[in-house]
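> I'd like to go over a predicted model; first the sequence, then the structure.
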Amino acid sequence: MNNTLKNTQLSLQISDLSFDGQGIARLGRDVYFVAGALPGEQVTARLKERRKKIWFCELVSIEQPSEQRQSPPCPHYERCGGCDLQHLQDAAQVEFKQARVMRELERKGLTVEQWLPAVTAAAWHYRRRARLGVRFSKDKEKVYIGFREANNVHLAEIDECPVLVEHPALNWQDWSQRLVSLECRARVTQIEMLQAENRLVLVFRVLKQLSSADRALFRQWANELDIDIYCRPDDGELLALSESQPLYHQVMGHQLNIHPDYFVQVNESVNQQMVSQALSWLDLPAGSKVWDLFAGHGNFSVPMAVENQVHAVEVSEEMVAALRSHAQSIAGQSAGAQLIAHKADLSDSDSLKQLPDADFVLLDPPRAGAAETIEAILAQAPKRILYVSCDAATLSRDLVALTQGPYCIRKAGILDMFPNTHHVETMVLLEAVASQDKKQDKKRLSQRGGLKKPPLKSLHRRNRGASRG
Ligand SMILES: C[S@@+](CC[C@H](N)C(=O)[O-])C[C@H]1O[C@@H](n2cnc3c(N)ncnc32)[C@H](O)[C@@H]1O
């Protein structure tokens with residue numbers, strides 16, 4: 001088939017879901033991806049575009065629906081690109097994500113001794129962090145606010161978003177009316193939201209410095225709505241426009257300071273369960289020496305440091321400062337409590353050379369994974385390694401490298417951090433196969449000449465400083 005067939009309609013039997021939740025059908029040697037279709041469904045689809053031997057199709061009608069189909073509860077679902085699995089029942093979404101991660105690991109020849117049940121929480125009103133687009137139409141004298149439409153750059157205008165946390169100030173129609181009264185209305189491009197435990201914060205990205213009249217309006221709105229408002233002008237310096245308060249969230253009973261510029265796990269409830277599960281799986285004997293790589297502001301480091309010596313490594317200057325302030329507040333809480341923050345770029349494979357030894361390692365990298373840290377981790381011969389990942393492909397790649405060392409995968413499980421979307425978080429526990437002397441392990445690795453270097457391609461895909469969510 002070639003592109004002359006574009007817009008042709010076909011009747012297709014959907015047999016599977018792609019990694020990003022599109023229905024897959026096969027006819028002869030051709031493969032068709034149909035967004036919005038589910039396995040078991042008979043559908044009519046329109047051919048839109050052919051890329052790498054795959055036809056990407058638009059769903060026209062469903063002749064035979066799946067039993068797992070539900071009507072998408074959000075009124076903006078058809079256009080908005082924010083959630084792509086709302087048409088699949090909640091339990092089936094979780095099953096799909098679990099099967100996908102299992103398949104990815106199996107494909108790489110990895111064996112998991114035990115798959116644990118998925119960690120889940122409410123499928124709605126879970127998102128405490130998000131970024132929305134803003135566009136001003138001069139013709140209509142109107143400000144549009146929304147998420148990018150599926151598969152294009154246009155904004156799907158929304159009034160409310162049912163995956164965001166509930167707060168009276170998250171009414172986007174109201175914001176669209178407010179923003180139109182700004183002098184800089186044509187220069188506002190984004191709104192970021194962060195719901196801390198004590199306060200809602202909105203950050204407006206504006207492509208120019210604000211006039212004093214606009215600043216006064218933002219201050220007035222912050223007071224009216226009892227929220228904090230910041231502006232991020234084009235030069236990137238965050239500016240508080242209201243009397244901003246220190247923000248925090250609680251993780252396992254610890255109060256952690258956060259800031260609109262920090263990485264914060266989007267789903268508060270799943271995050272609590274995730275940190276608790278990580279501690280339980282790592283099962284650290286008191287006084288352990290632990291590396292927490294890609295530590296952020298200390299989501300895992302602080303709870304671990306209560307009884308252990310934790311070396312937290314992070315690239316962002318601001319989050320390293322937060323780690324240092326958390327270190328001060330936990331010091332002295334118990335005899336062993338120690339958190340030491342290290343600013344380092346972990347895409348540099350030498351960055352861990354100066355770090356004191358570790359018995360346990362936790363790593364939670366961005367989507368690009370952690371290829372450049374594997375050699376240094378294995379050289380430590382830690383007893384257990386806990387890997388938290390938001391990308392099954394880079395996770396399985398890194399697990400292949402880790403299991404070249406004397407490690408087996410004891411446990412794995414998914415965490416439904418992003419319900420109604422195809423995104424998934426995975427936690428994996430690796431354990432040293434035999435409790436050999438650490439020095440012997442190190443010697444063996446050096447005799448083997450270290451690890452195979454990651455392929456050049458993976459080095460080029462490094463995602464310096466990037467974070468998800
Ligand atoms: C997925 S987040 C996890 C943060 C933290 N573990 C948490 O749960 O909040 C990944 C973190 O890695 C940091 N990061 C990204 N690239 C990095 C790099 N090359 N070196 C060190 N840290 C990096 C990001 O700034 C971010 O804080």
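Here it is on my side, so go on.
> Near the ligand, which residues of the stretch 151-300 of the chain are found?
The stretch 151-300 of the chain comes close to the ligand at residues 263, 265, 294, 295, 296, 299, 300, as judged by CB under 6 Å from any ligand atom. C-beta coordinates here come from the backbone N, C-alpha and C atoms, glycine included.
> Kindly recompute the last result at 5 Å.
Contact residues (CB under 5 Å from any ligand atom) of the stretch 151-300 of the chain with the ligand: 263, 294, 296, 299.
> Redo the residues you listed as TSV? Include neighbour count, distance to residue 13 and secondary structure.
Shown next, in TSV, are these (neighbours: other CB atoms under 10 Å; distance: CB to CB, whole Å; DSSP: H, G, I helix; E, B strand; the rest coil):
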residue	neighbour count	distance to residue 13	secondary structure
263	21	42	coil
294	20	43	coil
296	23	45	coil
299	26	44	coil
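> Mind putting these into CSV with pLDDT?
Listed next are those as CSV, based on pLDDT from 0 to 100:
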residue, pLDDT
263, 97
294, 98
296, 98
299, 98
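> Residue 285: neighbouring residues, count only.
10 (other CB atoms under 10 Å).
> just to confirm, which helix or strand has it in it?
If you go by DSSP states H and E, residue 285 is not part of any helix or strand.
> And it, how close does it get to residue 308?
According to CB to CB, to the nearest Å, residue 285 and residue 308 sit 9 Å apart.
> do the same with residue 178
For residue 178, the distance to residue 308 - CB to CB - is 48 Å.
> now swap in residue 405 and tell me
Taken as CB to CB, the span from residue 405 to residue 308 is 22 Å.
> Quick check: nearest residue in space to the residue in the chain that the ligand sits nearest to, chain neighbours excluded?
Nearest residue of the chain to the ligand: residue 296, at 2.8 Å (CB to the nearest ligand atom). The shortest distance from residue 296 to any non-neighbouring residue, by CB to CB, 6 or more residues apart in numbering, is to residue 263 (4.6 Å).
> Correct me if wrong: that neighbour contacts residue 295.
No. The criterion here is CB atoms under 8 Å, and residue 263 misses it with residue 295 at 9.7 Å.
> Identify the contacts common to the two.
The overlap between the contact sets of residue 263 and residue 295 (CB atoms under 8 Å, 6 or more residues apart in numbering) consists of residue 319.
> who touches the spatially closest residue to residue 188 that is not a sequence neighbour in this structure?
Nearest non-adjacent residue to residue 188, counting by CB to CB, 6+ apart: residue 134, 4.8 Å away. Shown in contact with residue 134 (CB under 8 Å, 6+ apart): 143, 144, 145, 155, 179, 188, 189, 190, 191, 204.
> so where's the longest helix in this protein?
Secondary structure of the chain per DSSP state H: the longest helix is helix 90-107.
> Next, the buried residues of that one.
90, 92, 93, 94, 96, 97, 98, 100, 101, 102, 104, 105 (16 or more other CB atoms under 10 Å).
> could you dump those to a markdown table with pLDDT and distance to the ligand?
Output for the buried residues of helix 90-107, formatted as a markdown table (pLDDT from 0 to 100; distance: CB to the nearest ligand atom, whole Å):
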| residue | pLDDT | distance to the ligand |
| --- | --- | --- |
| 90 | 96 | 24 |
| 92 | 97 | 27 |
| 93 | 97 | 21 |
| 94 | 98 | 21 |
| 96 | 96 | 22 |
| 97 | 97 | 17 |
| 98 | 97 | 20 |
| 100 | 96 | 19 |
| 101 | 98 | 17 |
| 102 | 98 | 22 |
| 104 | 97 | 18 |
| 105 | 98 | 19 |
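> now for the residues you listed, which pair is the farthest apart?
90 and 105 (23.6 Å; CB to CB).
> And residue 400, its phi and psi?
phi -60, psi -40 (degrees, to the nearest 10).
> Need the per-residue pLDDT for it.
Looking at residue 400, its pLDDT reads 98.
> what do you get for residue 439?
So residue 439 comes in at 48 (pLDDT).
> Same question for the one 5 residues further on.
On pLDDT, residue 444 comes in at 48.
> Check the one 5 residues further on too.
Among the per-residue scores, residue 449 holds a pLDDT of 45.
> likewise residue 254?
94.
> cool, residue 3 as well?
pLDDT at residue 3 comes out at 65.
> how many other residues sit next to residue 128?
23.
> hang on, it packs against residue 192?
No. Using CB under 8 Å as the test, residue 128 is too far from residue 192 to be in contact (11.6 Å).
> Outline the domain layout of this structure.
3-69, 106-121+247-460, 129-195+200-240 (automatic domain parsing).
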